[in-house]
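# Could you work out the structure for the sequence below:
(one chain, ligands or ions: 2)
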Amino acid sequence: MARPNLLLLLLPALLSAGSTGRPASSTNLGGIGGEKLTHLRFFFHDIVSGPQPTVVTVASGASTNTSATFFGLVSVFDDPLTVGPKPTSQLVGRAQGLYASAAQDSMGLLMVMNFVFVNGKYNGSTLTILGRNQIFTKLREMPILGGTKAFRFARGYVQARTHSFDLVTKNAVVEYNCYVLHIDE
Ligand SMILES: *[C@@H]1O[C@H](CO)[C@@H](O)[C@H](O)[C@H]1NC(C)=O
Ligand SMILES: *[C@@H]1O[C@H](CO)[C@@H](O)[C@H](O)[C@H]1NC(C)=O
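Ligands and ions are numbered 1, 2, ... in the order given. Below is the predicted model of the structure:
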């Protein structure tokens, strides 16, 4: 039995407001059924070492240290998201969440995170991502499960590519491209 589509029922009320200007980091790719497909691109800075780390390890298992994939390691992060790959580039938001090493035979992280935007049209809006991140694979894909404010009813996916990884400090810069269907009031 098909369930009534809540999104379609609510569309007339939700589409009353027009859209305002959008920041340089986003592109409206058109829409499906009154929704918008927005592309966002930014860089994620995972700072593991140095005076101001943005990630902290909170748990590990008895065998984590002897595991080639750090199986069982859990870290919480609050990572800056910037327009460009340099740490000094303009801040667009933060990625807040946790990653857990959840694969025994290859590096595979379970990622649970919110992108919290702090700039322009999307200031105060969030996107929620949950997925599998094989960090040594060139292109990774993770689902967008939802969002708030400008990203209400969000669904879609993100593509992550490592821009740089320092083997000594373990600091990483990752390019994120988000493709999100949402209702933008
Ligand atoms: C694993 O290694 C870290 C860093 O060397 C250490 O702090 C931690 O106690 C070790 N954990 C176990 C379970 O041996
Ligand atoms: C984002 O919104 C907050 C809360 O409304 C506000 O204090 C802040 O100045 C805004 N930032 C930008 C860059 O617009």
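# what about residue 66, neighbour count?
Counted with other C-beta atoms under 10 Å, residues neighbouring residue 66 total 8. C-betas here are computed from N, CA, C, even on glycine.
# And residue 78, by the same measure?
What residue 78 shows, counting by other C-beta under 10 Å, is a neighbour count of 15.
# Quick check: which element contains it?
According to DSSP states H and E, residue 78 maps onto strand 74-82.
# Ok, residue 99 next?
Assigned by DSSP H and E, residue 99 belongs to strand 91-101.
# Check the average confidence over that strand, would you?
Computed over strand 91-101, the mean pLDDT rounds to 98.
# now stretch 126-145
97.
# and the residue in the chain positioned nearest to ligand 1, helix, strand or coil?
Among residues of the chain, the one nearest ligand 1 by C-beta to the nearest ligand atom turns out to be residue 65. It sits 3.8 Å away. Going by DSSP: H, G, I helix; E, B strand; the rest coil, the secondary structure assigned to residue 65 is helix.
# Contacts only, for it.
Shown here is residue 65, which makes no contacts under the criterion C-beta atoms under 8 Å, 6 or more residues apart in numbering.
# Now do the strands in this structure.
Taking DSSP state E as the test, the strands found in the chain are 26-28, 36-46, 55-59, 74-82, 91-101, 109-117, 126-133, 140-148, 152-165, 172-183.
# partner strands of the fourth one, parallel or antiparallel?
Taking DSSP bridges as the criterion, strand 74-82 sits next to strand 36-46 (antiparallel), strand 55-59 (antiparallel), strand 91-101 (antiparallel) in its sheet.
# between those strands, which one is nearest to residue 70?
Within the strands paired with strand 74-82, the stretch nearest residue 70 is strand 91-101; the backing value is 4.4 Å (C-beta to C-beta).
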